[in-house]
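Participant: Sequence first, then the predicted structure, then my questions.
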Amino acid sequence: MFDNLGRSRGTDYFKIADQLTPTERNYLDRTRRFVDDEVLPVINDYWERAEFPRPLIDKLAELGIVGDGIAGYGCPELSPIANGLISMELNRGDGSLGTFLGVQAGLAMQSIAKLGSEQQKQRWLPAMARLEKIGAFALTEPDHGSDSVALETSARRDGDSWTINGEKKWIGNGTIADVIVVWARDVADGQVKGFLVERDTRGYDARRIDGKGSLRSVWQAQITLTDVRVPEADRLPYANSFKDTGRVLAGTRAGVAWAALGHATAAYEVAVAYCTERRQFGKPLVSFQIVQDRLVKMLAEVCSMQLYCLRLGRLEEEGALTDTIAAIAKMNNTSKARQVIAEARDLLGGNGILLDFHVMRHLADMEALHTYEGTETIQTLIVGRSITGVGAFA
């Protein structure tokens, strides 16, 4: 009983798969099999121990799906929709794994691809696509999360090098990364600039943040940068203001919308399977009207989220994806995913809190997704400014 909980049921009530190209379908199927066959049988143990799932990362490298749609440099050819489907499926399996890929490809690799020199791209991107080198993205600070534009980490030019001082917090992969994209404020002009810092650089100290109740199998770090010397050659030449940082973040917000869809899909599918098999008062739970009502409303939210994501992918293909569109999609899908997962937890009764039934892990992990890459409040204010012409951030 309940032997196949968590495995994909291929929820596609609006037949969205009919709009996928054969290549996109291939990436979807490839990632789905990986999640069902490799991730789900072991991930609860890693999550409970708060252990980084290195064996899964090694197997993930074999799939050839790391690159976030970057053209060339050993990255796979991924359309925006193919890239979103990969994120959706990995997060259907586990939020830590999905977050790892989001940091590696969506933040670190995209920073180099969008803002780096040709030499920097050649040095890092091929190895990162093969997961031979791990990346991190150090923006958030202990005192600056939602207002990261006000970051205090400083960079001072001294001839052909820079000296960086400051602190960063909640930096995914920060303790294990080979290269960290560090954002710091140039003391000369006050503008935010990006730097590539290698982990063994003197003055770079990363400490793992323990005690998390969410995303337990991906490691975040608190980082102290003390007189870290970075050659001018390792400064991202096209990262000259926080606006350039925002170019990277806009893409990752869309990725979080896909990730939230993966979490919601997982919870919905577990709830359907569980309620079909679980018997109470002499008959399956799905025989009760109130259970059907709740399952249908959960499905309606999942379908809505799917349509959001499909449109996001199309707009990105057309070069028409804006910060505000990405913001409203991130806001909507993370909020709706929390609701769907909470419904699933409730429908599973007491079993809903057990890791064996997967839903509780998704419920906990969604709390992080709801916050990172901009909270619901920040996304609301971004869109609010767009539709009213009035900034209400302060």
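Facilitator: Structure received. Only a predicted model underlies this, so the values are computations on that prediction, with no experimental measurement involved.
Participant: Show me what counts as buried in the biggest helix by length in the chain.
Facilitator: Counting by DSSP state H, the longest helix found in the chain is helix 242-277. Neighbour-count burial for helix 242-277, counted by 16 or more other CB atoms under 10 Å, picks out 242, 244-245, 248-275. C-betas here are computed from N, CA, C, even on glycine.
Participant: Show the secondary-structure elements that it is packed against.
Facilitator: Applying 3 or more CB pairs under 8 Å, 6 or more residues apart in numbering; DSSP states H and E, one finds that helix 242-277 contacts helix 80-93, helix 95-101, helix 110-115, strand 192-198, strand 283-284, helix 289-317, helix 323-347, helix 359-371.
Participant: What helices and strands are in contact with the longest one?
Facilitator: Taking 3+ CB pairs under 8 Å, 6+ apart as the contact definition, the neighbouring helices and strands of helix 289-317 are helix 80-93, helix 242-277, helix 323-347.
Participant: same question for the second one, mean pLDDT?
Facilitator: Taken as a whole, helix 242-277 has a mean pLDDT of 94.
Participant: how far is it from where the chain is centred?
Facilitator: Its chain's average C-alpha position is 8 Å from that of helix 242-277, according to CA atoms, centre = their mean, to the nearest Å.
Participant: The helix or strand containing N44 - contacts with which helices or strands?
Facilitator: Element membership for N44, per DSSP states H and E: helix 43-49. Judged by 3+ CB pairs under 8 Å, 6+ apart, helix 43-49 is in contact with helix 95-101, helix 359-371.
Participant: out of the ones you listed, deepest packed?
Facilitator: Across the helices and strands packed on helix 43-49, averaging neighbours per residue (mean count of other CB atoms under 10 Å) puts helix 95-101 on top, at a mean of 27.
Participant: I'd like the helices and strands packed on helix 43-49 as a markdown table, with distance to M305 and mean pLDDT appended.
Facilitator: Shown next, in a markdown table, are these (distance: least, CB to CB, whole Å; pLDDT from 0 to 100):
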| stretch | distance to M305 | mean pLDDT |
| --- | --- | --- |
| helix 95-101 | 15 | 97 |
| helix 359-371 | 12 | 96 |
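Participant: Adding distance to D36, write those out as CSV.
Facilitator: Formatted as CSV, these follow (distance: least, CB to CB, whole Å):
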stretch, distance to D36
helix 95-101, 13
helix 359-371, 15
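Participant: R185: which of the ones you listed is closest?
Facilitator: R185 lies closest to helix 359-371 among those, at 23.7 Å (CB to CB).
Participant: Return, as residue ranges, the portions of the stretch 1-150 of the chain with sub-threshold pLDDT.
Facilitator: 1 (pLDDT under 70).
Participant: where do the strands sit along it?
Facilitator: Assigned by DSSP state E, counting those that start in this stretch, the strands in the stretch 1-150 of the chain fall at 135-138.
Participant: Between the helices and strands packed on helix 43-49, which one is closest to E232.
Facilitator: So among these, helix 95-101 is nearest, using CB to CB, at 30.5 Å.
Participant: got the contact list for the closest residue to L60 other than its chain neighbours?
Facilitator: Among residues not flanking L60 along the chain, L131 sits closest, at 6.7 Å (CB to CB, 6 or more residues apart in numbering). Counting by CB atoms under 8 Å, 6 or more residues apart in numbering, L131 makes contact with I57, D58, L60, A61, V66, Q104.
Participant: which of the residues you listed sit farthest apart?
Facilitator: Longest span within those, CB to CB: D58 and Q104, 13.6 Å.
Participant: Which of these two has more residues huddled nearby?
Facilitator: Q104 (27 against 10; other CB atoms under 10 Å).
Participant: Name the nearest residue to the more buried one, sequence neighbours excluded.
Facilitator: What sits nearest to Q104 in space, not counting adjacent residues and going by CB to CB, 6+ apart, is G135, at 5.4 Å.
Participant: For that neighbour, give the beta-bridge partners.
Facilitator: Taking DSSP bridges as the rule, G135 bridges to V179.
Participant: Could you check which helix or strand contains G213?
Facilitator: Secondary structure assignment for G213, by DSSP H and E: no helix or strand.
Participant: Kindly tell me how buried it is, as a neighbour count.
Facilitator: When neighbours are counted by other CB under 10 Å, G213 registers 10.
Participant: and V182, helix, strand or coil?
Facilitator: Using DSSP: H, G, I helix; E, B strand; the rest coil, the structure places V182 in strand.
Participant: Look at it and say how many residues are nearby.
Facilitator: V182 has 28 neighbouring residues, counting by other CB under 10 Å.
Participant: OK, contacts around it?
Facilitator: Going by CB under 8 Å, 6+ apart, V182 touches A138, T153, I164, K168, G194, F195, L196, V197, L225, V228, V230.
Participant: and which of these is nearest G319?
Facilitator: Using CB to CB, G194 comes nearest to G319 of these, at 23.2 Å.
Participant: Quick check: beta-bridge partners of the closest one?
Facilitator: Going by DSSP bridges, G194 forms beta bridges with W183.
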